[in-house]
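1. My questions are about this predicted structure, shown below with the sequence.
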Amino acid sequence: MKLMYIIVRQDNESDVVNALIKENFMITKLATSGGFLRKGNTTLFSCVEDKEIDKAINIIKNECGERQKIQVEMPINLPSTAINYTTVPTTIEIGGATIIVTDVCRFEKF
């Protein structure tokens, strides 16, 4: 048995959760934030049989899509300017999912 940590954007959360539940995966959901833009994320936990890992990952890929590159203006401090900051265009990736799979030593549900 494995424990999957699945981190998705809030935009994709309901689609991912619904698709996993439809395929009988049990999910625990936490609202989280982080990443480069500090936007809202959802972290899902699911204990999954070893043989079902690829199935779960494929469901998540289908619901989240591929990561996309976007251009954002990031502030930087420049001590020599009167305003104390300026922005520079920076390319970052958003979307998709981050999945961590670990072994489970013991699992009980009652």
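-> That came through, no problem.

2. what are the ranges of the helices in the protein?
-> Ranges of helices within the chain are 10-22, 53-64, based on DSSP state H.

3. Next, the angle from the first one to helix 53-64.
-> Relative orientation of helix 10-22 and helix 53-64, computed by axes from the mean of the first three to the mean of the last three Cα atoms, to 10 degrees: 140 degrees.

4. other SSEs contacting helix 10-22?
-> strand 28-34, strand 39-48, helix 53-64 (3 or more Cβ pairs under 8 Å, 6 or more residues apart in numbering; DSSP states H and E). C-beta here means a position set from N, CA and C on the backbone, and glycine is covered the same way.

5. So which residues make contact with that helix?
-> Contacting residues not belonging to helix 10-22 are listed as 6, 8, 27, 29, 31, 39-42, 44, 46, 56, 59-60, 62-65, 95, 97 [Cβ atoms under 8 Å, 6 or more residues apart in numbering].

6. Nearest residue to residue 47 in space, ignoring adjacent ones along the chain?
-> Closest residue to residue 47 apart from its sequence neighbours, by Cβ to Cβ, 6 or more residues apart in numbering: residue 107 at 5.2 Å.

7. what's the neighbour count on the one you found?
-> Look at residue 107: counted by other Cβ atoms under 10 Å, it has 9 neighbours.

8. same thing with residue 52?
-> By other Cβ under 10 Å, the residues close to residue 52 number 16.

9. quick one, what contacts it?
-> Residue 52 makes contact with residue 25, according to Cβ under 8 Å, 6+ apart.

10. and if you look at the one 10 residues further on?
-> Residue 62 makes contact with residue 19, according to Cβ under 8 Å, 6+ apart.
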